[in-house]
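Visitor: sequence plus predicted model, see below.
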Amino acid sequence: MASSTDSASTPTERPARLFDSPAAYMTIPRLGELAVSPAGDRLVVSVTELDDQGAKFVTSLWELDTEAAAPARRLTRSSEGEAAFAFLPDGSILFTSSRPRPRGAGAPEEKEGEADRPALWMLPAAGGEPYVIATRPGGIAGVLTGRTSWSIVLAAKVAPGATEPEDDRKWWSERKAKKVSAALYDGLPVRHWDHFLGPQELHLFAATIDPGRPDAHLDLRDLTPDARQALHDCNLAITPDGSTVLVDWMVRLEAGRVRQDVVAIDHATGERRVLAAAEDGAFDYSNPVVSPDGRHVVTRRISRATVTDPAVVDLWYTDLTGSGRAQERGRSIDIGDEPYPQEVVFNSDGSGLVVAANWHGRDPLYEIALDTGEVSLLTDDGSWSSVQPAPDGSALFALRSRVDDPPRAVRLVPPSGPRRAPAGSASHEARVIDAPRSVEAVPGRVEEVTTEAADGTPLRAWLVIPECASASSPAPFALVIHGGPLGSWSSWHWRWNPWLLAARGWAVLLPDPALSTGYGQKMIQRGWGQWGGAPFRDLMALTDAALQHPEIDETRTAALGGSYGGYMANWIAGHTDRFAAIVSHASLWSLEQFQGTTDWPAYWADEWGYPDTDPEMYAKWSPDRFVDAIKTPMLVIHGDRDYRCPVSESLRLWADLTRRGITSKFLFFADENHWILQPGDAVVWYETVLAFLDEHVLGKEWRTPDLL
């Protein structure tokens, strides 16, 4: 229900106590996505918090003050929470939710089997109770609105081949009643991260809201009846006038490969045309963003990797109104040699792009002038995301985080004088906006560690020093390796949070070795196709540099990592005994086994080849080949629903360790995926990791977490 009385609270206890236990840490509110209204007078953020029972995370919507002067206020509250949301021209908000639906006069009829599936709700700009305006038998997965029109597009799950709502409803009802979970495939891919592709499909539906009757139940038109699995993980955009929908479209190729195109779909007719594509599969296009005048689109473009060369990421600028072959209508936008684009939006007048990009352990904002190509630095502090330009150009709204600070909502104000700041300096002033968050301090500090690789490449990392550490009482040391492998420790991390370790007196190194982004293509090339080579040597070099710190104890050390970081944890175990304990989460153990069982086999074959055609690579870089060299105690962790790094990797690792009598434990989650998302499971994860490090690094007695 709507509320105007809730506001963001200020903690009354010492903030560091939030890190004294994993359970306390789970209570910290987490800011999600920002959206600004078409008039620029409303700013909304999604906030995820622990529910009253501490059993699950629930997301609600909060309104923030656009001038960064007044407290935040809560807009929605339900036990099921709210998900995707978007503004209408009058400032009303659409959102999806599985919350209980109202009964009685005026309420739409609730069809059988729809009660637990997300519906589309409207929260009027003037406030009051939200109400349902659209449903689908398979639920509504997302919503997008035209900034200057009442045209909307919805994403919804649909039964395969269903053209009528009744056929769709019957399929969902019968599968549920008969407990059918089977799916039949005729090609790859089959799975993605934590879910299977199909047999249900994701379709886009068009509708137009009557501003005179905003509470009327919408008639939905299927814009993509032939989608099949083309939209399974799509990104959407819509022109301001609502006339055209832009979306990623997956095209299956031979040998299990796919490519991503961006297509334009007419909102009124459903006519579809390809806007950005490479028919030979040389490039993938995704994440379309539309200019304020609706005439241009920018997408993220990624070249196809090979066994010798990694993919190159750039921005592709396309004329939405142009004609001719799709690949001839665009041009590449250059942001520089080192920044690695993450997010992009047009500025308020469409003259330039605002880009958040990895750069040296940060994600600053850049502005690229479209007429000259000039690149300007807007921010130089922290990691920026969810950028929303004010329509009048007076400000940018965004979320900013750092390694030592969770996301905050920020108003960025351009300079009142000349638009361009001096080269290399940030031009915009940041003003923090009040929002629900409870961390004002962390139990320690962050420093930057630099050194050189064996080949002379400059290396850097973040080093967390606990507040209790000193030269006379040095802290034990934990090396924590990021996943990806294309990635960077550039922001606050909810899953691998170093401050839970720091609160217990640990120093934590967050390094960016070869294969990390934000250091140019050469840094990725150094580790390409030889995962245990330069990346391993870089990690050891940065560890050596960090252990020179007078407040760190070089005799008490551990290494931890997940995903690619789990691969590297396994590789470290077989190549050095310098660490007293190793934690391997969601790891890769046998590359030959992994390549055929992961959700996207062809993706990894682009880098490694296939086991039967390139066996040398698999033999050289697979951690399982070095199991006989392992002496270090290992904690192995995996979720059963992890399809990117299948649980078979850790099962085989665990079997190999057990057979050889290597000291080890296996923490298994039957209902979790790659990330361990449920708060209770996350608490157990942290408690087990901490207990394992206590035993094998600090010499404490093993203590099994209470709920294991």
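Guide: Nice, I can see it. Computed from a predicted model, the values in this text were never measured in an experiment.
Visitor: from one end of stretch 125-132 to the other, what's the distance?
Guide: The first and final residues of stretch 125-132 sit 15 Å from each other (C-alpha to C-alpha, to the nearest Å).
Visitor: low-confidence stretches in this structure?
Guide: In the prediction, the chain carries residues with pLDDT under 70 at positions 1-16, 103-115, 323-328, 417-425.
Visitor: so it: which segments form each domain?
Guide: By the assignment in automatic domain parsing, the chain contains the domains 228-333, 444-696.
Visitor: what about the shortest one, start to end distance?
Guide: Domain 228-333 has an end-to-end distance of 32 Å (criterion: C-alpha to C-alpha).
Visitor: repeat that for stretch 21-29.
Guide: The first and final residues of stretch 21-29 sit 16 Å from each other (C-alpha to C-alpha).
Visitor: redo the domains of the chain as TSV? Include mean neighbour count and distance to residue 46.
Guide: C-beta: built from backbone N, CA, C; applies to glycine. Written out in TSV, the entries for the domains of the chain read as follows (neighbours: other C-beta atoms under 10 Å; distance: least, C-beta to C-beta, whole Å):
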stretch	mean neighbour count	distance to residue 46
domain 228-333	18	17
domain 444-696	20	14
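Visitor: can you redo these as a markdown table with distance to residue 397?
Guide: Formatted as a markdown table, the domains of the chain follow (distance: least, C-beta to C-beta, whole Å):
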| stretch | distance to residue 397 |
| --- | --- |
| domain 228-333 | 16 |
| domain 444-696 | 17 |
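Visitor: quick one: closest of those domains to residue 361.
Guide: Closest of these to residue 361 is domain 444-696, at 5.3 Å (criterion: C-beta to C-beta).
Visitor: correct me, but residue 562 touches residue 496?
Guide: Yes - the pair formed by residue 562 and residue 496 meets the contact definition of C-beta atoms under 8 Å, at 6.8 Å.
Visitor: of the domains of the chain, which is nearest residue 212?
Guide: For those, proximity to residue 212 was assessed by C-beta to C-beta; domain 228-333 is nearest, at 17.1 Å.
Visitor: what number of residues lie near the closest residue to residue 201 other than its chain neighbours?
Guide: The spatial neighbour of residue 201 that comes closest, neighbours along the chain excluded (C-beta to C-beta, 6 or more residues apart in numbering), is residue 158 at 5.1 Å. Residues contacting residue 158 under the criterion other C-beta atoms under 10 Å number 24.
Visitor: kindly report the same for the one 5 residues further on.
Guide: When neighbours are defined as other C-beta under 10 Å, residue 163 has 10 of them.
Visitor: can you tell me the SS state at it?
Guide: Each residue gets one of three states, and residue 163 gets coil by DSSP: H, G, I helix; E, B strand; the rest coil.
Visitor: quick one: residues contacting it.
Guide: Contacts were defined as C-beta atoms under 8 Å, 6 or more residues apart in numbering; by that measure residue 163 touches 222, 225.
Visitor: the longest strand that the chain contains pairs with which strands, parallel or anti?
Guide: When every strand of the chain is counted residue by residue (DSSP state E), the longest turns out to be strand 552-562. In the sheet, strand 552-562 lines up against strand 475-481 (parallel), strand 581-585 (parallel) (DSSP bridges).
Visitor: phi, psi for the residue nearest to residue 201 please.
Guide: Backbone geometry at residue 158, expressed as degrees, to the nearest 10, gives phi -130, psi 150.
Visitor: with residue 42 instead?
Guide: Per degrees, to the nearest 10, the residue geometry at residue 42, taken as phi and psi, is phi -130, psi 140.
Visitor: likewise residue 19?
Guide: Taking degrees, to the nearest 10, you get phi -110, psi 0 for the backbone angles of residue 19.
Visitor: could you double-check that it sits in contact with residue 441?
Guide: No - with contacts counted by C-beta under 8 Å, residue 19 stays clear of residue 441, the gap being 9.9 Å.
Visitor: dump the C-alpha coordinates for the longest strand of the chain into CSV.
Guide: Listed next in CSV are the C-alpha coordinates belonging to strand 552-562 (Å, rounded to 0.1, in the frame of the first residue of the first chain):
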residue,chain,number,x,y,z
ILE,A,552,49.8,-7.8,7.9
ASP,A,553,51.0,-11.1,9.2
GLU,A,554,52.6,-13.0,6.3
THR,A,555,52.6,-16.3,8.2
ARG,A,556,48.8,-16.5,8.4
THR,A,557,47.2,-16.4,5.0
ALA,A,558,44.3,-17.8,3.0
ALA,A,559,43.0,-17.7,-0.6
LEU,A,560,39.3,-17.5,-1.6
GLY,A,561,37.4,-17.3,-4.9
GLY,A,562,34.2,-18.0,-6.7
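Visitor: ok now do residue 654, which residues does it touch?
Guide: Neighbour list for residue 654: 636, 664, 666 [criterion: C-beta under 8 Å, 6+ apart].
Visitor: now, which of these lie within strands?
Guide: Members of those lying in strands (criterion: DSSP E): 636, 664, 666.
Visitor: which one of those residues is nearest residue 461?
Guide: residue 636 (25.2 Å).
Visitor: list the residues that contact the closest one.
Guide: Residue 636 neighbours (C-beta under 8 Å, 6+ apart): 584, 587, 650, 653-654, 657, 664-667.
Visitor: tell me the helices and strands packed up against the helix or strand harbouring residue 207.
Guide: Under DSSP states H and E, the secondary-structure element containing residue 207 is strand 201-208. Packing contacts for strand 201-208, counted by 3 or more C-beta pairs under 8 Å, 6 or more residues apart in numbering; DSSP states H and E, involve strand 151-158, strand 221-222, strand 244-252.
Visitor: tabulate the ones you listed (CSV), appending distance to residue 211.
Guide: Listed next are the helices and strands packed on strand 201-208 as CSV, based on distance: least, C-beta to C-beta, whole Å:
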stretch, distance to residue 211
strand 151-158, 12
strand 221-222, 19
strand 244-252, 20
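Visitor: residue 261: which of those strands is closest?
Guide: Residue 261 lies closest, by C-beta to C-beta, to one member of the helices and strands packed on strand 201-208: strand 244-252, at 4.7 Å.
Visitor: remind me what the closest one packs against, helices and strands.
Guide: strand 201-208, strand 236-238, strand 258-266, strand 283-290.
Visitor: so what strands line up beside it?
Guide: Partners of strand 244-252, by DSSP bridges, with direction: strand 236-238 (antiparallel), strand 258-266 (antiparallel).
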